[in-house]
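Asks: Here's a sequence, model it:
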Amino acid sequence: MRIFSFVLVYLFLSSCSPFLMPEVERFDGTTGLDIRDKKVSITLNGRVNNPNKKRVSSEKLKMNVSVNNKMLATVYANEKVVLEKTSHTDVSIPVEIELEPGAVFRIGMLTLKDSADFLFTGSARGGWGLLKKRVRFNIEQRLPTKSLKLP
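Replies: The predicted structure is shown next:
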């Protein structure tokens with residue numbers, strides 16, 4: 001009974017502290033490009049700042065990417081990423097991208113434009129300790145397409 005009451009008190013006190021969203025400080029590019037069938041596997045590298053006073057982990061990410069209101073790809077990240085408390089962490093996240101039919105042609109056409117409207121929708125699961133939460137997001141942003149061009 002004591003253990004059960006201790007767990008309840010721990011969960012109650014943990015849920016009272018505010019959660020601040022970790023921020024991406026910089027993007028260091030990609031490594032490990034592997035293309036098979038309609039799937040692309042790459043590793044995203046960067047630096048993330050965790051302003052929380054607790055260790056935060058992210059477990060699963062699923063995101064749909066649309067460009068100019070047309071579906072482009074679905075992105076999956078299944079590897080666990082741990083961010084230490086109140087610190088800056090260098091992360092390498094392997095992701096798998098499932099391209100929609102005609103996506104390569106659409107990317108080629110985007111290189112002819114200066115910018116495009118991107119829509120990122122999906123969900124991520126993460127939290128600290130025993131407390132895990134699924135967070136849904138919907139980010140719409142106009143981004144430059146210069147990085148899509150090959151050197």
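Asks: CA atoms for contacts and neighbours, from now on please.
Replies: OK.
Asks: residues of stretch 59-74 that come out buried?
Replies: Across stretch 59-74, burial judged by 16 or more other CA atoms under 10 Å covers 59-67, 71-74.
Asks: In strands only, show me those residues.
Replies: 59-67, 71-74 (DSSP state E).
Asks: Spatially nearest residue to Leu110 (excluding sequence neighbours)?
Replies: Thr145 (6.4 Å; CA to CA, 6 or more residues apart in numbering).
Asks: wait, doesn't the one you found sit right on Ser115?
Replies: Yes. Between Thr145 and Ser115 a contact is recorded at 5.0 Å, counting by CA atoms under 8 Å.
Asks: Pick out whichever of those two has more residues nearby.
Replies: Between Thr145 and Ser115, counted using other CA atoms under 10 Å, Thr145 has the larger neighbour count: 16 against 13.
Asks: thinking again about what came up before, so which pair among the ones in strands among the buried residues of stretch 59-74 is furthest apart in space?
Replies: Glu59 and Val67 (26.1 Å; CA to CA).
Asks: How about the residue most central in space within the chain, nearest residue that isn't a chain neighbour?
Replies: For the chain, Leu61 is the residue whose C-alpha lies nearest the centre (CA atoms, centre = their mean; 6.0 Å). Leaving aside its sequence neighbours, Leu61 sits nearest to Ala124 (CA to CA, 6+ apart; 4.4 Å).
Asks: show me where the protein has strands.
Replies: So, for the chain - with DSSP E - the strands run 23-36, 39-50, 56-67, 70-77, 81-83, 87-99, 115-128, 131-144.
Asks: any idea how far Asp90 lies from Asn45?
Replies: 7 Å (CA to CA, to the nearest Å).
Asks: swap that for Ala103, please
Replies: Going from Ala103 to Asn45 by CA to CA gives 24 Å.
Asks: Likewise for Ile97?
Replies: 16 Å.
Asks: Many thanks, I have nothing further to ask.
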